[in-house]
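Engineer: mind looking at a prediction? Sequence and model below.
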Amino acid sequence: MASGQSLVPTILLLLCIVSTAVAHSIIQVVSGDGKIRIDDNLYCESWRLSIETNDFGNWSTVPERCKSFVQDYMTGDRYPSDLEFVALDSLTFAKTVELTGDGKDVWVFDIDETLLSNMPYYATIGFGTETYNETSWDDWVALGEAPALAASLKLYKELQQLGFTIVLLTGRDEYQRNVTVKNLLAAGYTDWETLFLRATEDEGKKAIVYKSEKRAELVSEGYRIHGNSGDQWSDLLGYPVANRDKACMPNHVAILCYQVVYFNPSRVG
């Protein structure tokens, strides 16, 4: 769950991010120190933008004042709309790829908050306002009840129909393999090529390092990574990157070039 290195914000990047600001009057409240304090919704929109563009750096919890903001986002219409929009963008790109038919054309998927939704769990910990607890998280994973994200499941199946080989790369631990497979199958995901989980030798590695190493393994075996879908910057940064990423990185339009399925503001950085 570790976040990647911060990116220097650019005007181009900010212009290309779709603002989700709510149209409403801004009530300026003067605090005891004489500073003007913006209302919670506007503050939380700015906080979310900073997190999504990876400018905020490492973070551990959602600000308490943003609990309702995150809850409304995740349980309202905007969440599935964002999912569908980026899934469609990913599929549009996928249809331009000339596949060789040798089974080596790969699309990599993260699992949590990319293929599976853990919203039931995050609802129990204040939608990310409480400090991450590994024990309660592992207990939730052990249930194997995380539902599929509908837009991701559709994208997954459409990529398979196009002829892509699917590889799953998760930060979950190897001992969670059986329940993870059971959960994925129950949610409708089938016929993936490989499922990478953290082995003993991967413990303690930053997500960027671990996931980069696994993608490097794929490339060394002759696979061509065309797309990489995840909800965290650590799912996407590092090397090797997907072909779409290579083409777009010089423009620094990260949110458009990386195949980000969904950013979950309730997950710790």
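Structural biologist: Cool, got the structure.
Engineer: list the contacts of residue 69.
Structural biologist: Taking C-beta atoms under 8 Å, 6 or more residues apart in numbering, we find residue 69 in contact with 40, 41, 44, 45, 48. Heads up, the C-betas are built off the backbone N, CA and C, glycines and all.
Engineer: what about the residues you listed, which one has the most neighbours?
Structural biologist: Tallying neighbours with other C-beta atoms under 10 Å puts residue 44 at the head of the contacts of residue 69, with 24 neighbours.
Engineer: that older thread, let's see which of the contacts of residue 69 end up in helices.
Structural biologist: If you go by DSSP state H, these have 40, 41, 44, 45, 48 in helices.
Engineer: which pair of these spans the longest distance?
Structural biologist: Farthest-apart pair in the ones in helices among the contacts of residue 69 is 40 and 48; separation 12.1 Å (C-beta to C-beta).
Engineer: residues in contact with both of the two, list them for me.
Structural biologist: The contact sets of residue 40 and residue 48 overlap at 66, 69 (C-beta under 8 Å, 6+ apart).
Engineer: one step back: turn the ones in helices among the contacts of residue 69 into TSV, columns for pLDDT and distance to residue 60.
Structural biologist: Below are those laid out as TSV (pLDDT from 0 to 100; distance: C-beta to C-beta, whole Å):
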residue	pLDDT	distance to residue 60
40	89	20
41	88	22
44	89	17
45	88	20
48	83	16
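Engineer: name the element residue 167 belongs to?
Structural biologist: strand 165-173 (DSSP states H and E).
Engineer: from the chain's centre, how far out does the helix or strand following that strand sit?
Structural biologist: Downstream of strand 165-173, the next assigned helix or strand under DSSP H and E is helix 177-187. Put simply, helix 177-187 sits 19 Å off its chain's centre (C-alpha atoms, centre = their mean, to the nearest Å).
Engineer: got a list of contacts for helix 177-187?
Structural biologist: With contact meaning C-beta under 8 Å, 6+ apart, helix 177-187 is reached by 111, 115-116, 141-148, 153, 168, 170, 172, 192, 195, 197.
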